[in-house]
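In: build me a model:
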Amino acid sequence: QMGARYYYPSTARFTQPDPVGGGYPYVSDNPVNLTDRDGLQEEYNYESEQAAPVVGEGGGPTYVYVSYNESREVQYVGITNNIERRALEHAARFRIDPYVSGLSRLEARGVEQAMIERYGLENLQNRINSIAPSNPVYQWAVQRGQQILNWLGL
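Out: Modelled structure (predicted):
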């Protein structure tokens, strides 16, 4: 037992939700695909790479959104945990549409980066990548993002 919860060291996970925060906030409410061994930062659970993505109701608080130009081509890709607020922030530049919802933040970053690679950063209004290619999880995140897009038929 560790504090108010039981901890299972071989999986580096608590066996029940945080009684104070509800859900699993220490891993963006995605305990299947993320871990937090030191309590400072969520980490990818590479053993769950083949798991179906957590998408839709109850999956997580993060959206991937897009903006289309007049020819209905994607011109911008982004992520947010508050789609209404983000739409207002972008209102002077363009309209945004939710594309995928119910993802953990890390899954959303993977989808965003997979879409940036699909359309090419040079063809989008995005100024930077979602995940730097030098990031150790870059390859995994892009593959995970592509897996989610494929699973959704997008």
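In: excluding chain neighbours, what is closest to residue 110?
Out: Closest residue to residue 110 apart from its sequence neighbours, by Cβ to Cβ, 6 or more residues apart in numbering: residue 145 at 3.3 Å. To be clear about C-beta, it is placed using only N, CA and C from the backbone, and glycine gets the same treatment.
In: which residue ranges of this structure form strands?
Out: For the chain, the strands defined by DSSP state E cover 7-8, 13-14, 34-35, 43-44, 62-68, 74-80, 97-103.
In: list the contacts of residue 141.
Out: By Cβ atoms under 8 Å, 6 or more residues apart in numbering, the contact list for residue 141 reads 44, 106, 109-110, 113, 131, 135.
In: distance of it from residue 77?
Out: In this view, residue 141 and residue 77 are 14 Å apart by Cβ to Cβ, to the nearest Å.
In: again with residue 69
Out: According to Cβ to Cβ, residue 69 stands 13 Å off from residue 77.
In: more crowded one of these two?
Out: Shown here are residue 69 and residue 77; by other Cβ atoms under 10 Å, residue 77 has more neighbours (24 against 11).
In: hang on, the more buried one packs against residue 63?
Out: No: the pair residue 77 / residue 63 is not scored as a contact, 11.2 Å apart, by Cβ atoms under 8 Å.
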